[in-house]
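K.L.:
Take this sequence and fold it.
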Amino acid sequence: KMKEIRIQISDIEDDRVRRMATLLCNTGMRLEEVLGLKWEDIDFIDNWIYIRRAVVHPTRNMPEVKCPKSVSSKRRVPLTNTIKIQLGQKYSSGFVLHSDDKDTRRCPLSYTEARRCVKKIKDLFGLHGYSAHDFRDTCATEWREAGVPTDIIARLLGHTKSDITENRYVKYRDEIFQGVRDIMEIDLGTQNGTNLQV
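P.N.:
So this is what the prediction gives:
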């Protein structure tokens, strides 16, 4: 499903929804880190996204800008060409996902605006029953399946210990076990010149 979503992201006309979907689907960032991302945190030359702050809504009212969850949460993740394209027009400063209530990009999304963006993504792609955090899990799982070492995935997610990544984030899908089943399978029909039946 995630591959399908990534292909269709470019078709989303609403800038905020497209940008949020792009960052959630490709970076493994927490929702509050996506909300806290500023244009000046994105290095379009050396291709890095620097995670330096988070935006939370403790009272479901005004956004609160704070430091990321932990020391290791301050990190950088690779900026791909796909992410660049899907982010669209770039600006020199301000929040990537900014509030409609202000005429500049200086104010992050309110609780209601952030919730509406997530809901639009879920509606567009039929993701009811899933949360924004599930994108993070899926990124971790895909990276692991692609052969990225767990300690690197831990760094990308902002974890201090890779066992947290392994135990809570990386999932093992049934398709992986099919590959193992193929390896385990022994062709008994040709052993010792006899035709064995199971």
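K.L.:
what stretches of this protein score poorly on pLDDT?
P.N.:
Across the chain, the ranges flagged by pLDDT under 70 are 101-103, 161-183, 186-198.
K.L.:
My understanding was that residue 25 contacts residue 6; is that so?
P.N.:
Yes: shown here, residue 25 and residue 6 form a contact pair, counting by Cβ atoms under 8 Å, at 5.5 Å. Any C-beta I mention is one placed from the backbone N, CA and C, and that applies to glycine too.
K.L.:
ok, these two, which is more surrounded?
P.N.:
The neighbour count for residue 25 versus residue 6, taken as other Cβ atoms under 10 Å, is higher for residue 25 (22 against 15).
K.L.:
And the more buried one, how far from residue 17?
P.N.:
With distances defined as Cβ to Cβ, to the nearest Å, the gap from residue 25 to residue 17 amounts to 12 Å.
K.L.:
For residue 108, give the beta-bridge partners.
P.N.:
residue 98 (DSSP bridges).
K.L.:
list the contacts for residue 18?
P.N.:
Listed by Cβ atoms under 8 Å, 6 or more residues apart in numbering, the contact partners of residue 18 are 9-10, 12, 86, 88.
K.L.:
actually residue 38, not the one I typed
P.N.:
Going by Cβ under 8 Å, 6+ apart, residue 38 touches 52-53, 93-96.
K.L.:
Likewise for residue 51?
P.N.:
Contact criterion Cβ under 8 Å, 6+ apart gives 29, 33, 36-37, 41, 68, 73-77, 158 as the residues in contact with residue 51.
K.L.:
would CSV of those residues with secondary structure and distance to residue 125 be doable?
P.N.:
Conversion of these to CSV gives the following (DSSP: H, G, I helix; E, B strand; the rest coil; distance: Cβ to Cβ, whole Å):
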residue, secondary structure, distance to residue 125
29, coil, 18
33, helix, 21
36, helix, 24
37, coil, 21
41, helix, 26
68, coil, 27
73, helix, 27
74, coil, 30
75, strand, 27
76, strand, 28
77, strand, 22
158, coil, 25
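K.L.:
Which members of the residues you listed come out as buried by neighbour count?
P.N.:
Buried positions within the contacts of residue 51, assessed by neighbour count (16 or more other Cβ atoms under 10 Å), are 29, 33, 36-37, 41, 68, 73, 75-77, 158.
K.L.:
which one among these gets closest to residue 148?
P.N.:
Nearest to residue 148 among these is residue 77, at 12.1 Å by Cβ to Cβ.
K.L.:
That closest one and residue 28 touch, don't they?
P.N.:
Yes: between residue 77 and residue 28 there is a contact under Cβ under 8 Å: 6.8 Å.
K.L.:
residues shared between the contacts of those two?
P.N.:
The contact sets of residue 77 and residue 28 overlap at residue 156 (Cβ under 8 Å, 6+ apart).
K.L.:
where along the protein do the strands fall?
P.N.:
With DSSP state E, the ranges of strands along the chain come out as 42-43, 48-51, 54-56, 64-66, 75-78.
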